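# only the shape, not the letters, is given here:
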């Protein structure tokens, strides 16, 4: 019988002190970018054999200090988004809390030699010593991958930027902070259009903030944004310039019997992802992941409990700040499986058709090169088998917040603190048949 | 009883988080602070709704206009003597009668449905302490209630208090603002209400703990304030050290 089989590839971020804060595959899947708390971006490239190796590393953002407000601006990379690759150079957007940058990453494998006015080291030659002229020629050199910031989009956000999303038109993109969403043209840095504004006239009346925003994958006029109140709105930019009025509002009524001090808190949506097809929305709140049909606003079509065993521990999690952890979620290439992270370096996958799910662990102890991941299980009571782990033994410092799935293949990238794990499905790497999740214990 | 302690604990924890957010790198995180303030509000409603719904014998008449803790104009509380098991409806209407225009309808919504759920009352010195604690937390109580209802009220209080009550905003009255020079003003990152919340709670808790603390502003009789003070001190000593931490600012 077949277990869930994966190959394994592992990287540790350059500075071991720096926690990975975002992971994103390029649109073709050939490249994978990670950003970290130290403002650094690392780009991996997929080798012909299938492994991902470091392609480029650069410092995207530096810490800044806003003297006017006596405010330090963190250099942590909140999000990275790739532009479609048109030619040899790569373009990606990176953002911290305040500033978005468009980076160009290009290869150089030739360099000019034979300058007239300067020598090999670049020192200016003594003109009087030059007796003849030569034409500089391009000679091969070791491959050099250079990253340069082509655009800097700044001063448009009074609050912390949480999302960027490139429009399907590839000319515009949105950036969202706690209260506002702005629309940019990739070529224009000195102005942006505000398309959503949730700021109340009186800040004392504040009831919700924007948590995530994303453009529809195909319809350039549609965008979705979710809020701290657990709602997700779909906005149509054609109907009005300011999209405060939503075209659709996706919200599920909360069961009053399950109310607690933390009900509102755990309903806050931490991630929103359109399916590749554009027909569904995937939202993640603290305890669950929900799939919504864009045509049905009243309730999700599917709800997946990620770690419902935490429901009785919310107070402790509140104290430790874990309840504020923002887990991301992801679709596979065919929209048949969704994935999201949890604690103890666990991450979970849910097969939508069969309703089977699996819990896997990303950790160095468990993973060796080419090893097969064994499903894990969290138990509330007694352990029934060796691989089980009790709820009380979970390590809440180990959290898988950032996960990414290759756009077409069964390759996933899991960030656990400062480590990046890349898993491939050995049996069906091309992803045509979806993930094989046989013999799973439904938890 | 435990839920009251838990509510108080959650309130203390929440205040600590709000305070810490001010010194965090990267500035105040609006999202997190909003969520914390929601939890704070929920805990406070549970904590105080029990107080209002409590069956207490008290000769003093205290009026409560609003539930807003941050309101610097200290209001008088509902007289405990008016809260009796058999008189819930009467109380509800009395709530409306007194300063009806200034009472939030939500206040009534919270208290009146709670009372029918009361089937019996408990009275004991421990209750006295926690109610005194609630009273002083409100900032202006003179009388620690002597009675309050038993714990099953928590669920009903929560259901009504949390689900029905509209947003209890962290209102800030100008004269409550103590020290916010370090808060950014204007359009950019308007988080002054968060800091004011801290200062107001801070003064409330310090009033709680200092022996020579003032009763809140004027307009009060001091009759049982002393015992209330002692009660809540005893109570607070057993509670989360955060309360003392907050007072330190």
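Arrived safely, thanks for sending. These figures come from a predicted structure and were not determined experimentally. Numbering: from 1, shown residues only, chains lettered A, B, ... in the order given.

# which positions in chain A make contact with chain B?
A:69-74, A:76, A:97, A:158-160, A:162, A:178-179, A:203-209, A:211, A:228, A:256, A:259-265, A:268, A:315, A:318-319, A:321, A:324 (Cβ under 8 Å from any Cβ of the partner chain). C-beta: built from backbone N, CA, C; applies to glycine.

# name the helix or strand for residue A:142, please.
strand A:137-153 (DSSP states H and E).

# who does that strand pair up with?
strand A:100-113 (antiparallel) (DSSP bridges).

# and the helix or strand following the strand holding residue A:142, what does it pack onto?
Next in sequence after strand A:137-153, counting helices and strands by DSSP H and E, comes strand A:163-166. Using 3 or more Cβ pairs under 8 Å, 6 or more residues apart in numbering or on different chains; DSSP states H and E, the elements in contact with strand A:163-166 are strand A:79-82, strand A:90-95, strand A:172-176, strand A:210-215.

# now strand A:163-166: how far from the chain's centre is it?
10 Å (Cα atoms, centre = their mean, to the nearest Å).

# over to stretch A:230-245?
With Cα atoms, centre = their mean, you get 23 Å for stretch A:230-245.

# ends of it, what's the gap?
From its first residue to its last, stretch A:230-245 covers 17 Å (Cα to Cα, to the nearest Å).

# model confidence over it, on average?
Taken as a whole, stretch A:230-245 has a mean pLDDT of 85.

# with stretch A:94-102 instead?
97.

# one step back: could you check the angle strand A:172-176 makes with the strand holding residue A:142?
If you take axes from the mean of the first three to the mean of the last three Cα atoms, to 10 degrees, strand A:137-153 sits at 50 degrees to strand A:172-176.

# against residue A:103, how distant is residue B:20?
From residue B:20 across to residue A:103, the span is 34 Å (Cβ to Cβ, to the nearest Å).

# between the two, which is the more surrounded one?
A count of neighbours by other Cβ atoms under 10 Å in any protein chain shown puts residue A:103 above the other of residue B:20 and residue A:103, at 22 against 12.

# select from the residues of chain A next to chain B every entry located in strands.
A:71-73, A:211 (DSSP state E).

# hang on, the earlier thing: mean neighbour count and distance to residue A:285 for the helices and strands packed on strand A:163-166 - can I get that in JSON lines?
As requested, the helices and strands packed on strand A:163-166 are exported to JSON lines (neighbours: other Cβ atoms under 10 Å in any protein chain shown; distance: least, Cβ to Cβ, whole Å):
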{"stretch": "strand A:79-82", "mean neighbour count": "22", "distance to residue A:285": "19"}
{"stretch": "strand A:90-95", "mean neighbour count": "24", "distance to residue A:285": "23"}
{"stretch": "strand A:172-176", "mean neighbour count": "23", "distance to residue A:285": "18"}
{"stretch": "strand A:210-215", "mean neighbour count": "24", "distance to residue A:285": "10"}
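
# low-confidence stretches in the chain?
Went with chain A since none was named. By pLDDT under 70, the low-scoring segments of chain A are A:1-17, A:365-371, A:426-443.

# wrong chain, I was asking about chain B
Low-confidence segments of chain B (pLDDT under 70): B:1, B:50-249.

# which one's the longest helix in it?
Ordering each helix of chain B by length in residues (DSSP state H) puts helix B:30-53 first.

# relative to strand A:210-215, how tilted is that one?
Going by the same axes, to 10 degrees, helix B:30-53 makes 140 degrees with strand A:210-215.

# and chain A, is helix B:30-53 touching that?
Yes - Helix B:30-53 lies within reach of chain A by Cβ under 8 Å from any Cβ, at B:30-32, B:34-35, B:38-39, B:42-43, B:46.

# counting neighbours, what do you get for residue A:48?
Count around residue A:48 with other Cβ under 10 Å applied: 5.

# ok, which stretches of the stretch 251-400 of chain A are strands?
Under the criterion DSSP state E, counting those that start in this stretch, the stretch 251-400 of chain A contains strands at A:271-274, A:280-284, A:288-293, A:302-305, A:329-331, A:337-341, A:346-351, A:357-361, A:377-379, A:388-390.

# the longest helix of chain B packs against which elements?
Helix B:30-53 packs on helix A:263-267, helix B:2-22, helix B:105-114, helix B:125-138, strand B:147-149, helix B:153-164, helix B:192-209, going by 3+ Cβ pairs under 8 Å, 6+ apart.

# tell me what the second one is packed against?
Of the remaining helices and strands, those touching helix B:2-22 by 3+ Cβ pairs under 8 Å, 6+ apart are helix A:314-319, helix B:30-53, helix B:125-138, helix B:192-209, helix B:242-247.

# and the ones in strands among the residues of chain A next to chain B, which are buried?
A:71, A:73, A:211 (16 or more other Cβ atoms under 10 Å in any protein chain shown).

# the first one pairs with what?
It stands for residue A:71. Where residue A:71 sits in a bridge, its partners, by DSSP bridges, are residue A:66.
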